[in-house]
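1. let's see this in three dimensions:
(one chain, ligands or ions: 1)
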Amino acid sequence: MARLPLANWNGEELPLEDVLVPVQDRAFFFGDAVYEAIRVYGGRAWLSQEHFARLSRSLELMRIEVDLAVIEQRTQETLEHSGVENGLIYIQVTRGAAPRTHYFPPEGTVPNVLVSVSELDGDPYAHLRTSGAKVITHEDLRWARRDIKTVNLLGNCMAAQAAREAGCAEAILISADGSLTEGTHTNLFGVSNGQLLTSPTGHHILPGITRSLVLRLAERAQVPVIERPLTIENVYSVDELFLTGTTTEILAVTEVDGRAIGNGPGPITQRLSATYHEAVREWLESAGH
Ligand SMILES: Cc1ncc(COP(=O)(O)O)c(C=O)c1O
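-> Got it, this is the predicted structure:
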C-alpha cells in the first residue's frame, strides 16, 4: 500500500510529505498557480472531464503553458497506484521557479506540476447531514477574478477562519452591493417558492463543477432555476438554503448568522441530494462497479 497522500511531482511519484518545492517557485512568492480538486468515488475520478476543462481554462487565462494530457495521465496513474477508493485528487500547476519579479519569468521557465491523491475517511460532513450546517455571512474580500481557480485564497481563508471561530461550517461571502456570491469553498443555492436561486456565473464566483451538476439535476427533477444572486436582505427568509462543492456535495444550511432557515434540511435540498447520489451510483455501475 502506498504511503498516502500519494503525489506525483513533475513526473516523479512519491509520498506528498516528501515533495520539496523550490523556494523561488512563484506560487510561494505570488500565489502564481492554479489548481483543481476532484472527488474520488469507487476508485474513480468523478466529473474529471469537467474539472480538466476548468483547469485548462484557468491555465489559459493565467497564460501558463503545460501539456494537459500529461497531467491527466499522471492523475490517472497516481490514483491507481494510491489504491484510494473514497478520496480527493488535488492538482496544482505553478508558473515555475525563477528570481522574484512581478512580471512573468523568462521564457523557458518550466511550470511545476503537483498531483496528489488523499483518502477521505467516509463523508467529512456526515455529522451535518441530518441537522444541516450553520453558516455566517462575511465580507467578500477577494480579488475580482474569482472565476479563475488560483491558489490566491487568503480572502477565502480569512472568512473560513471567522466561520470556524463562530462555530460554523462555512462563511457566505457578501459583495459591496449586498449580493451573496458564494461560500469560501462552496457555491450557494436558495429555494424560494419551489424555485432554485443561485448566482449566475461571471467573474465574481467560481463556476463550481457541482453547481453545474446541480443545475442539470434540477432540470431533470423539473425544479425551476433562476440564476440570480441571493442578497443579504432576502437570505434569512428563503425556504431552503444549501451549499455545493466537490467534498461538500450538497449540504443543507439551516442557520445563517444565528437565524434559522426552515425546519432542518428542506425537501428540495433532500431531493437534489438523493439525485446526486443516484447519479454517482449510476456512473459507478456503468463502469462495472
Ligand atoms: C470559492 C469556491 N466556490 C465554489 C467551489 C465549489 O466548486 P466545485 O463544485 O467545483 O468543487 C469551490 C471549490 O473549491 C471554491 O473554492
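2. which residues are contacting stretch 226-236?
-> For stretch 226-236, contacts defined as Cβ atoms under 8 Å, 6 or more residues apart in numbering pick out 137, 172, 174, 178-181, 188, 190, 192, 195-201, 238, 241, 256-257, 259, 261. In this view, the C-beta of every residue, glycine as well, is placed from N, C-alpha and C.
3. tell me the buried residues within those.
-> Neighbour-count burial (16 or more other Cβ atoms under 10 Å) is assigned, among these, to 137, 172, 174, 179-181, 188, 190, 196-199, 238, 241, 256, 261.
4. mind checking which of those residues land in strands?
-> The members of those that map onto strands under DSSP state E are 137, 172, 174, 180-181, 188, 190, 196-198, 241, 256.
5. can you put those in a markdown table and add pLDDT and distance to I38?
-> A markdown table is the format used below for these (pLDDT from 0 to 100; distance: Cβ to Cβ, whole Å):
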| residue | pLDDT | distance to I38 |
| --- | --- | --- |
| T137 | 98 | 29 |
| I172 | 98 | 24 |
| I174 | 98 | 29 |
| L180 | 98 | 26 |
| T181 | 98 | 23 |
| L188 | 99 | 21 |
| G190 | 98 | 27 |
| L196 | 98 | 25 |
| L197 | 98 | 27 |
| T198 | 98 | 22 |
| L241 | 98 | 26 |
| V256 | 98 | 29 |
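6. quick one: which of the residues you listed is nearest to M62?
-> Of all those, M62 sits closest to T181, with 20.7 Å by Cβ to Cβ.
7. what's the burial count for the nearest residue to L47 once chain neighbours are set aside?
-> Sequence neighbours aside, I209 is the residue nearest to L47 in space, at 5.2 Å (criterion: Cβ to Cβ, 6 or more residues apart in numbering). Counted with other Cβ atoms under 10 Å, residues neighbouring I209 total 24.
8. got phi/psi on I209?
-> The phi and psi torsions at I209 (degrees, to the nearest 10) take the values phi -70, psi -40.
9. my guess is it contacts A53, does it?
-> No - if you go by Cβ atoms under 8 Å, I209 and A53 don't touch, sitting 9.1 Å apart.
10. who in the stretch 101-250 of the chain is up against the ligand?
-> 156, 182, 185-187, 206, 208-211, 244-246 (Cβ under 6 Å from any ligand atom).
11. which parts of the stretch 51-200 of the chain are strands?
-> Per DSSP state E, counting those that start in this stretch, the stretch 51-200 of the chain carries strands over the ranges 87-94, 112-119, 133-139, 170-174, 180-183, 187-192, 195-198.
12. need the contact partners of the first one.
-> In this case it means strand 87-94. In this structure, residues lying in contact with strand 87-94 by Cβ under 8 Å, 6+ apart are 5, 25-27, 32-40, 45, 55, 59, 64, 66, 71, 75, 78-79, 111-120, 151, 246-247.
13. report the mean per-residue pLDDT for that strand.
-> Strand 87-94 shows an average pLDDT of 99 in the prediction.
14. in its sheet, what does it sit against?
-> According to DSSP bridges, strand 87-94 has the following sheet partners: strand 33-41 (antiparallel), strand 112-119 (antiparallel).
15. buried ones in the last one?
-> Buried residues in strand 112-119, counted by 16+ other Cβ under 10 Å: 112-118.
16. nearest to A218, out of the strands paired with strand 87-94?
-> strand 33-41 (19.6 Å).
17. if you count contacts, what does the next helix or strand after that closest one end up packed against?
-> Of the helices and strands lying after strand 33-41 in sequence (DSSP states H and E), the nearest is strand 44-45. Counting contacts by 3 or more Cβ pairs under 8 Å, 6 or more residues apart in numbering; DSSP states H and E, the secondary-structure elements packed against strand 44-45 are helix 68-82.
18. and the helix it packs on, what's buried?
-> 71-72, 74-75, 78-79, 82.
19. so what touches that helix?
-> Outside of helix 68-82, the residues within contact range by Cβ under 8 Å, 6+ apart are 2, 4-8, 11, 13, 38, 40, 43-45, 48, 52, 55-56, 59, 89, 91, 93, 113, 115-117, 119.
20. could you rerun that using 6 Å?
-> Helix 68-82 is contacted by residues 2, 6, 8, 52, 56, 89, 115, 117 when judged by Cβ atoms under 6 Å, 6 or more residues apart in numbering.
21. swap in stretch 243-253?
-> With contact meaning Cβ under 6 Å, 6+ apart, stretch 243-253 is reached by 37, 39, 125, 132-133, 135, 170, 183, 185-187, 208, 210-211, 214, 241-242, 265, 269, 272-273, 276.
22. could you do stretch 167-175 as well?
-> Outside stretch 167-175, the residues touching it (Cβ under 6 Å, 6+ apart) are 133-140, 159, 162-163, 180-181, 183-184, 186, 188, 232, 243.
23. appreciated, that's everything.
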